[in-house]
Every structure is written in structure tokens, then in C-alpha cells.
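S.K.: structure of the sequence below:
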Amino acid sequence: MASFPAVLQSEWTKIRTVRSTIWTLVLTFLVTLGLGALLSLLTNNNFESFRRNDTTPFDATGTSFAGIRLGELAIIVFGVLAIGNEYSTGMIRVSLAAVPQRGTLLAAKSVVLGALSLAVAVVTAFVTFFVGQSLLGVHRTTIDSPHVLRAVLGAALYLTMLCLFAAGVTAMLHNQTLALGVLVPFFFLLSPILSAVPKVKTLAHYFPDYAGSRMLLVYEEANQPYGPWAGFAICLAWTAAALLGGALVLKNRDA
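M.R.: Numbers count the residues shown, from 1 in each chain. Below you'll find the predicted structure:
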């Protein structure tokens, strides 16, 4: 029986030696930072025209995180590839032969994925925030303003939970192509469409992407079903359910 630290070391080695997974983390950082910086600069240069008919408080923090939507895509792909590569190459059989305790194997994968994605997400969130604020000029906010630090940390936690959610879904489906075929339409087609349909938009409010967007709020919007902390709880529940589902499928289904 392999010790848990040894399994962790093995999983870390697998992830860092696959270039595709590392590049998706790099893209998470670059896309989130680049688009956020661009919109912050445009907002500063065209502030009066952008805010002409807007009576709500200006959310400088949310502006700097304007690129997080595409950052979500990159970190979802990372979570899928980190789990799915072993299934596509057949190496999962070798992993299960070395670690017959399937729950231990998935737990180790989740710990390594969570730690790595959290580290990248924290760096991404703070760098994106500070660069965005520097480009907003006089319209910027500071990290010690009310609720700003919570929103920045919320962005980091949201990206981390998305990665683990994607990993859990991939573990359930045993196929990275199928997992991407489910996750990408779910987050980028189904959820936005349902959010715009009056009769079903209440359901879409409890999807992980909408819940995650609540975590980034500095100013809570009127007529919204819940705030940042409830959004965190909903995202966490989706993530836990996906990982639990992945563990159950891995335990009861042949690789």
C-alpha cells in the first residue's frame, strides 16, 4: 500500500511533466490579466461615456476582473486535462495498479490540483487587481477598501473550485473530450441562455458560474437572490458533489 505522501509526489510529477496542463495555467493568468487590464484602461479613458446613464456605484474591482470569464475556460481545461490525460493514454491502469485504493488516488489528485490551481489563482487574482487599479487612474480603489480584499480572494477561490469541479466531472466521465463537451456548453452556452429566460432564470442562479460571480461582488446588487458568502457555499457544494461523484464512479467502474 503506497503512503499518501508518496502518492502526492507521484501526482505532482505527472502534472508538472505534461506541458499542456502547465500551459493552461499560464493562459489562465495571461487571459485574466490581459483582458482585465485592457478593459480597465478603456474604462479610464472613456469613463464619462461608459458611466453616463449608470446610477449604480462604480465597481473598480469588478472592472479589473473583466477577463475572468475566459480565465474560467482555461482553468476548466486544466482540470479536465489533469485527470483526463491518464484515461486518454491508458496510464490510469498503471496508476490503479500502483495505488489500488482508488479513493486515495483521487484524493491525492484533488489535493495536488487544488494546491496548484489555488497558487496560480491567488497570483492571478492579486496581480490582475493591482494592474487593473493602476490603469484605472483616479477611478481606482484600494485593497483595504470595504469588501475589496474579500472579492479578490473570492476570485481566487472561484477559479480553484472551477478547476476541481472540472476534475470531478472528468473523473465521472472517464473521457476528457466528453468532459469538455459537457462543461464548455454548460458554462458558456446553457447557463447564459437560461439566465436570460424569465421562467427558468431562477434555476440558473444556482449554477456554479453565477454563484461564483457573486463572490467577486464589492457592492451587492439589488434584487439578487443571494450575496457573496452564499455564492461561495453554492460553488463549494457543486465542487464537493463533482468530486464525490468522481470518487464513486472510480470506485465502482473499471478504468
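S.K.: name the helix or strand for Ala155, please.
M.R.: Assigning secondary structure by DSSP states H and E places Ala155 in helix 148-173.
S.K.: now do the helix or strand following that helix: everything it contacts.
M.R.: Following helix 148-173 in sequence order, the next helix or strand is helix 176-185 (DSSP H and E). Outside helix 176-185, the residues that touch it by CB atoms under 8 Å, 6 or more residues apart in numbering are 73, 76-77, 80-81, 83-85, 87-88, 166, 169-170, 173. Quick note: C-beta positions are derived from backbone N, CA and C, even for glycine.
S.K.: how does it look with 7 Å?
M.R.: Defining contact as CB atoms under 7 Å, 6 or more residues apart in numbering, one finds that helix 176-185 is touched by Ile76, Val77, Val80, Leu81, Gly84, Asn85, Tyr87, Ser88, Ala166, Val169, Thr170, Leu173.
S.K.: next, the fifth one: secondary structure please.
M.R.: Same thing as Gly84. helix (DSSP: H, G, I helix; E, B strand; the rest coil).
S.K.: grab the nearest non-local neighbour of it.
M.R.: In space, Gly84 comes closest to Gln176 once its chain neighbours are excluded; the distance is 2.5 Å by CB to CB, 6 or more residues apart in numbering.
S.K.: still on that earlier bit, average pLDDT for the helix holding Ala155?
M.R.: Taken as a whole, helix 148-173 has an average pLDDT of 96.
S.K.: burial check on Phe50, number of neighbours?
M.R.: Number of residues near Phe50 (other CB atoms under 10 Å) recorded here: 15.
S.K.: contacts only, for it.
M.R.: With CB under 7 Å, 6+ apart, Phe50 has these contacts: Thr43.
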